[in-house]
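Asker: Give me a 3D structure for the following:
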Amino acid sequence: MTAVVFIHGTGVREPGFSALAGRVAAGLTAWRDGLRVVPYYWGAAHGATLAAGGASLPSWSGTTRGLGEGPAEPATGDETVATWALLYADPYAELALAAAESAPATERPPGSVPPQQRMRAQLTALAAQGDTPAAELGPGLARAATDLAAHPLLGPAAEALDPADLAVLAARSLTARLIADALDADFPLVPVGETRDTVTARIAEALGAPPLGTERGLRSYLLRRAGAAASRAVVRRRRALTEAAHPAAGDILRYLSRGAAFRDDLRTLVAGLEPPVAVIGHSLGGIIALDTLISAPLPQVGLLVTAGSQGPFLYESGSLPSLEHPAPLPSHVPAWLNLYDPRDLLGYLGAGLFPGRVTDVAVDGGQPFPAAHSAYWTNPAVYRHIVDHLP
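Answerer: Modelled structure (predicted):
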């Protein structure tokens, strides 16, 4: 009788583990009778906990610093942070929302200058100054201003806003573009919020807005829709959120620093089983299985299966505890079936790193990330591929 050891991933605790192990057992035995599924539940003995009850977590102070205006109410700081987070993801987001609210174009008095023409001229003049007006944010202002001047949504947005408000919106867009470009380039120096806001105010004035401190009357389009309440709730609920999320991140850190106990218990479990044995590991469970099998021979094991595994990535990046690139996979490591969902950003490939030793198989769970990382065990194709490779 083939024994199959199932090793769970990060953050799994009871009663969830029993439900997961039962689902895996049912999925495997549906394809092949006579399998003995043996769960390895390391979460209880070795999983991360907040041993001091969360004493390391900062508490919510109730105040944040506003937009260059000294101490502010929580809503001000949270709204500012929420706005910028969304703008870094899409620097033209406010432009699109303003354009969507614009009224149909109307006939203008003879000789009047369309608002978009005025703003395009101001953006062109700003671009002519080079990167100097936003030197604190690094290069790129001239290019960003030129791109914004040519953006097809600038005209409709200009119809929806008065010139001062449009200048503020354009300034935020330009600042967000510069910071987003720096983040995309992995630039290690991103300015603090106070510097960002000072640069934004300087650009806004160059585009025709009143000086900083003057009431401009424009509350972020993004905040009206996204709502700052969610941002405030995240900060104020940091303890609850950390307590809910810490097992997953903590399990990884705990394994990388104290992984010997994880591996020793798995080795003891496998050593007590009659061959043939297959070891299946999900996510961190796959790393535990791989490390254990690399560290010393386990002759009973005829197959290693990993699903949504970061093992290959850790090896290539020099972070796998048991094997450092470019050392080859030891000959005593059994056949390795590596299942990955192309949408699972935590699933990696092994065949290119260990030619002839790893079989990578794509399985499509039809889910976006991060749901894709947890959808392996409800996917019949996963069990079919495993059973096809079992000893």
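Asker: for V361, helix, strand, or coil?
Answerer: Put simply, V361 is strand when judged by DSSP: H, G, I helix; E, B strand; the rest coil.
Asker: okay but it is in contact with P342, surely?
Answerer: No. Applying Cβ atoms under 8 Å, one finds V361 not in contact with P342, separated by 11.2 Å. (Glycine included, C-beta is placed from N, CA and C.)
Asker: Give me the more crowded residue out of these two.
Answerer: V361 (17 against 12; other Cβ atoms under 10 Å).
Asker: List the residues that contact that one.
Answerer: L337, N338, L339, Y340, H385 (Cβ atoms under 8 Å, 6 or more residues apart in numbering).
Asker: Just send those residues back as TSV, with distance to A99 and neighbour count too.
Answerer: Listed next are the contacts of V361 as TSV, based on distance: Cβ to Cβ, whole Å; neighbours: other Cβ atoms under 10 Å:
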residue	distance to A99	neighbour count
L337	51	22
N338	47	24
L339	45	25
Y340	41	22
H385	49	19
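Asker: Counting only strands, which of the residues you listed make the cut?
Answerer: Those of those mapping onto strands are L337, N338, L339, Y340, per DSSP state E.
Asker: possible to save the residues you listed as a markdown table with pLDDT?
Answerer: Converted to a markdown table, the ones in strands among the contacts of V361 look like this (pLDDT from 0 to 100):
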| residue | pLDDT |
| --- | --- |
| L337 | 98 |
| N338 | 98 |
| L339 | 98 |
| Y340 | 97 |
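Asker: Return the distance of stretch 369-383 from the chain's centre.
Answerer: 19 Å (Cα atoms, centre = their mean, to the nearest Å).
Asker: Closest to L353 out of the contacts of V361?
Answerer: Closest approach to L353 among the contacts of V361 (Cβ to Cβ): N338, at 10.2 Å.
Asker: who's in contact with that closest one?
Answerer: Counting by Cβ under 8 Å, 6+ apart, N338 makes contact with V305, T306, S309, P312, L349, G350, A351, V358, T359, D360, V361.
Asker: pretty sure the second one is touching G281, no?
Answerer: Yes. Counting by Cβ under 8 Å, a contact exists between T306 and G281, whose distance comes to 5.4 Å.
Asker: got any residues that touch both of the two?
Answerer: A289, L290.
Asker: Strands along the stretch 151-300 of the chain, start to end?
Answerer: According to DSSP state E, counting those that start in this stretch, the stretch 151-300 of the chain carries its strands in the segments 277-282.
Asker: helix or strand for L86, which one?
Answerer: Using DSSP states H and E, L86 sits in helix 74-89.
Asker: likewise L303?
Answerer: With DSSP H and E as criterion, L303 is part of strand 301-307.
Asker: what does that strand contact?
Answerer: 270, 275-283, 286, 289-290, 293, 333-340, 347, 350, 376, 382, 386, 389-391.
Asker: Good, we can wrap up now.
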